[in-house]
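Visitor: sharing a sequence plus its predicted fold:
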Amino acid sequence: MSEVLRAETLGGAQVLDLYEPLEARPETPLCLILPALGISASYYRGFGEALAARGLRALVADFPGHGESPLRAARDQDWSYADLIQLHAPAVIEAARGRFPAAPRIWVGHSLGGQVALMHAGREPGAVEAVVVIASGSAHASGWTGARRRYLQLAPPLCSLLSRPLGYFPGHRVGFGGREARTLIQQWASAARSGRYQWGSFDGEAGLAAWSGPTLAIPLAGDDLAPRPAMAHTLDKTAANVEWRPWTEPAPPDHNRWPRMPDPPADAIHDWLGELRGRGKPR
């Protein structure tokens, strides 16, 4: 990590981790990395360094409740998908735009981060030039078969139920995610049940449908938390022409541990962005 940026986001000022290549120029692309549920930005250090080693900038932003975030989920500290998409993601974009005004911006979302990236990109035209999703898809049971499908029909409602008496979801104790906001988990469970990113007046489906920019999908071979059908369930809601580059060799670690082997996804992103630049995108 060469330096840090700060963003004014949920709860106040927050530090963002920045990784710069040795010979960065004003127009060097900037990969904005959004983590998975319960994972701190620091876990993506090797991934950020791998992108920088390939001549790309990388900026990693903790979600509320984790790492450098000034918030921690509690009965009186709650947030939702809408907060991530309408407040947190724009704060990251504003910090990136202020520091690197000439740099093309690319969301790179892992799991929950991919959902947020796609919905934000559609809702805020021009905020980013492209989106990359890694091991990111819907928890709707239609993406699985057999025992895993039955598990996906049962687990999300239980997570939602557990968050009610405590006022937050104790993922750090039950082995799924971290200490998470109750509304976020309840909305995640609702989307798992219905297959739709729509909660009250907030229409994430419209955000997805509005996104038509360049999109790269990187499914992990053997990933039982975001197999390709689960990723397609979300990506098929967009208007994007999605390019799929499955990670099969070398065999990837599991859904959350892939940042420990950062070179394959960094290579895929570098190569894809190079191809886009050859076609004039991103600018």
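Guide: Ah, there it is. Keep in mind that this is a model prediction, so the values were computed, not measured. Residues are numbered from 1 along each chain as shown.

Visitor: so where is the stretch 1-150 of the chain shaky, pLDDT-wise?
Guide: For the stretch 1-150 of the chain, the stretches flagged by pLDDT under 70 are 1-3.

Visitor: actually the stretch 151-283 of the chain, not the one I typed
Guide: Across the stretch 151-283 of the chain (using pLDDT under 70), the flagged ranges come out as 283.

Visitor: next, the contact list for H172, please.
Guide: G38, G178, R179 (Cβ atoms under 8 Å, 6 or more residues apart in numbering). C-betas here are computed from N, CA, C, even on glycine.

Visitor: quick one: which of these sit in strands?
Guide: Mapping the contacts of H172 onto strands (DSSP state E) picks out R179.

Visitor: and the contacts of H172, which of them are buried?
Guide: G38, G178, R179 (16 or more other Cβ atoms under 10 Å).

Visitor: with those in mind, which one is nearest to S212?
Guide: The closest of the buried ones among the contacts of H172 to S212 turns out to be G38 (Cβ to Cβ; 30.8 Å).

Visitor: all strands of the stretch 101-250 of the chain, in order?
Guide: In the stretch 101-250 of the chain, the strands defined using DSSP state E, counting those that start in this stretch lie at 105-110, 130-134, 168-170, 179-181, 198-199, 202-203, 215-218, 242-244.

Visitor: can you list those in TSV and add distance to I93?
Guide: Putting the strands of the stretch 101-250 of the chain into TSV (distance: least, Cβ to Cβ, whole Å) gives the following:
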stretch	distance to I93
strand 105-110	7
strand 130-134	13
strand 168-170	27
strand 179-181	21
strand 198-199	22
strand 202-203	19
strand 215-218	17
strand 242-244	22
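
Visitor: of these, give the one that comes closest to D78.
Guide: strand 179-181 (4.9 Å).

Visitor: output the contacting helices and strands for the closest one.
Guide: Helices and strands touching strand 179-181, by 3 or more Cβ pairs under 8 Å, 6 or more residues apart in numbering; DSSP states H and E, are strand 168-170, helix 171-174.

Visitor: for the ones you listed, which one ends up most surrounded?
Guide: Most buried of these, by mean neighbour count (mean count of other Cβ atoms under 10 Å): strand 168-170, with a mean of 23.

Visitor: contacts for that strand next, please.
Guide: 73-75, 77-78, 159, 162-163, 177, 179-182, 184-185.

Visitor: what residues are bridge-paired with the closest residue in space to R97 that isn't next to it in sequence?
Guide: Leaving aside its chain neighbours, R97 sits nearest to R105 (7.4 Å; criterion: Cβ to Cβ, 6 or more residues apart in numbering). Assessed by DSSP bridges, R105 has beta-bridge partners L30.

Visitor: tell me the spacing between R105 and P264.
Guide: Per Cβ to Cβ, to the nearest Å, R105 is found 23 Å from P264.

Visitor: G122: which of the strands of the stretch 101-250 of the chain is closest?
Guide: strand 130-134 (9.4 Å).

Visitor: restricting to C-alpha, output that closest one in PDB.
Guide: Extracted C-alpha coordinates of strand 130-134, given in PDB (Å, rounded to 0.1, in the frame of the first residue of the first chain):
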ATOM      1  CA  ALA A 130     -16.800  -0.800 -16.400                       C
ATOM      2  CA  VAL A 131     -17.700  -3.400 -13.700                       C
ATOM      3  CA  VAL A 132     -15.900  -6.700 -12.800                       C
ATOM      4  CA  VAL A 133     -17.600  -9.200 -10.500                       C
ATOM      5  CA  ILE A 134     -15.700 -12.000  -8.900                       C
END
